[in-house]
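Undergrad: All I have is the shape, not the residue letters:
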């Protein structure tokens, strides 16, 4: 009998990529790990909504992206009235992502992009999705993906080379 | 698609055929575009390198645990039912219970048969078979739809030889298995003997009967649908 990898097996295999995606969206390693944790927990709770045979990675990325949007929005409302948080320079959490200036710098640069550009940069330039895959994942027309990608990476080039 | 968009689509490998060739030629002949392509390739390499460090780092313990400790939905129903059932029925029941069950059967049957009208069992060729109300309950009742009679059906399952067996309790308590078109009684226990009423309620089944069921059952007990199908097929 053909034994297909279980949901859990596939999810475990995806964890490193999911965590990388969380880091590229988040402003700090701690936030990123919280996001990855929350996404995995939500996926496990709603595993019945995933149809076996379809791509688990796209489904998981979508869950994480939606969670991130929710969190970012509620934080934006809160922070209107609070001091801005520390920049993402303190890398090195219990997951042993050791302090890397480069990671701290690119995370900080990504934080200066608007959310809608950041997610497109993350999916295409870092996670390696094609334009069409990213469009499906984000439920956007491919032209919107393409134009956000141009604006995002052009801004990012200035931000990263400034340093 | 704007020129910028086309340039980046080409850089990302999203253009094909003539379009790709055309853009490649343009970039090659335009030093400014060539330089821009180089800068963006370097930018992407920097980003990839930085974030790939995350993907190759050991995962936080908590994150791995979130997956490994997840309750699994893919356990098949039968296995779940069996797990639920076994500890209750057979957990900690000693081997001697089986032996006792056999002894009790011998003594008890002596008081019950033969020749009493309405007896739930009858002896035929030295073998004990269900009769009257017991035979009727075993043949027609479903555990999933109790008729409220004096005999209640408990579990329905197959033994290692493939014969269907059913446990029963109430006016008579025991186990009978299908044998050549009849219910041959494999065990019969005086109801309530050796157990307190509250224990009986908690355990759900006479412990002697539970031991006999445990020793007889091959595989899992039938669910309601399987029980009904088995009845409709004449318990074959």
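TA: Okay, I see it. Everything numeric here is computed off the predicted structure, so don't read it as measured data.

Undergrad: What's the first helix or strand after the longest helix seen in chain B?
TA: Longest helix in chain B, counting residues (DSSP state H): helix B:31-56. As assigned by DSSP states H and E, the chain's next helix or strand after helix B:31-56 is helix B:61-68.

Undergrad: List the buried residues of that next one.
TA: By neighbour count on 16 or more other C-beta atoms under 10 Å in any protein chain shown, the buried set for helix B:61-68 is B:63, B:66, B:67. Placement of C-beta: from N, CA and C, glycine included.

Undergrad: gap between the second one and residue A:75?
TA: I take that to be residue B:66. 22 Å (C-beta to C-beta, to the nearest Å).

Undergrad: before we move on, the earlier item: is the longest helix of chain B anywhere near chain A?
TA: Yes. Helix B:31-56 lies within reach of chain A by C-beta under 8 Å from any C-beta of the partner chain, at B:39-40, B:43-44, B:46-56.

Undergrad: Select from the residues you listed the one having the most neighbours.
TA: residue B:54 (27 neighbours; other C-beta atoms under 10 Å in any protein chain shown).

Undergrad: Buried residues in the helix-or-strand element of chain A with minimal mean pLDDT, which are they?
TA: Here the helix or strand of chain A ranked lowest by mean pLDDT, DSSP states H and E is helix A:56-79, holding a mean of 87. Within helix A:56-79, the residues scored as buried using 16+ other C-beta under 10 Å are A:56-57, A:59-65, A:67-68, A:71-72.

Undergrad: Residue A:42: neighbour count?
TA: 15.

Undergrad: and what of residue B:208?
TA: Around residue B:208 there are 27 residues (other C-beta under 10 Å).

Undergrad: That one sits in which helix or strand?
TA: helix B:207-216.

Undergrad: which residues make contact with the helix or strand just after that helix from outside it?
TA: Sequence-wise, the next helix or strand downstream of helix B:207-216 (DSSP H and E) is helix B:224-232. Helix B:224-232 has contacts (C-beta atoms under 8 Å, 6 or more residues apart in numbering or on different chains) with B:139, B:140, B:142, B:143, B:144, B:156, B:164, B:222.

Undergrad: Among those residues, name the buried ones.
TA: Buried among the contacts of helix B:224-232 by 16+ other C-beta under 10 Å: B:143, B:156, B:164, B:222.

Undergrad: Give me the pLDDT value at the first one.
TA: Reading off the confidence values, residue B:143 has pLDDT 85.

Undergrad: List the contacts of it.
TA: So residue B:143 contacts B:152, B:153, B:154, B:155, B:156, B:224, B:227 (C-beta under 8 Å, 6+ apart).

Undergrad: Cross those against helices and list the overlap.
TA: B:224, B:227.

Undergrad: Taking the contacts of residue B:143, please make a ChimeraX selection of just the buried ones.
TA: For the buried members of the contacts of residue B:143, the matching ChimeraX selection, counting by 16+ other C-beta under 10 Å, is:
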select /B:152,153,154,155,156,227
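
Undergrad: Now render the contacts of residue B:143 as CSV, adding pLDDT.
TA: Output for the contacts of residue B:143, formatted as CSV (pLDDT from 0 to 100):
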residue, pLDDT
B:152, 86
B:153, 89
B:154, 87
B:155, 88
B:156, 92
B:224, 86
B:227, 91
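
Undergrad: Just name the closest of the contacts of residue B:143 to chain A, please.
TA: Comparing the contacts of residue B:143 against chain A with C-beta to the nearest C-beta places residue B:224 closest, at 23.2 Å.

Undergrad: I'd like to know how far residue A:128 sits from chain B.
TA: Distance, residue A:128 to chain B, using C-beta to the nearest C-beta, to the nearest Å: 9 Å.

Undergrad: Does that residue lie in a helix or a strand, and which?
TA: Going by DSSP H and E, residue A:128 is not in any helix or strand.

Undergrad: So what's the residue count around it?
TA: Applying other C-beta under 10 Å, we find 11 residues neighbouring residue A:128.

Undergrad: okay, it: pLDDT?
TA: For residue A:128, pLDDT reads 95.

Undergrad: which residues touch residue 15?
TA: This is for chain A. Residue A:15 neighbours (C-beta under 8 Å, 6+ apart): A:36, A:40, B:59, B:63, B:64, B:67.

Undergrad: could you do chain B instead?
TA: B:6, B:9, B:23.
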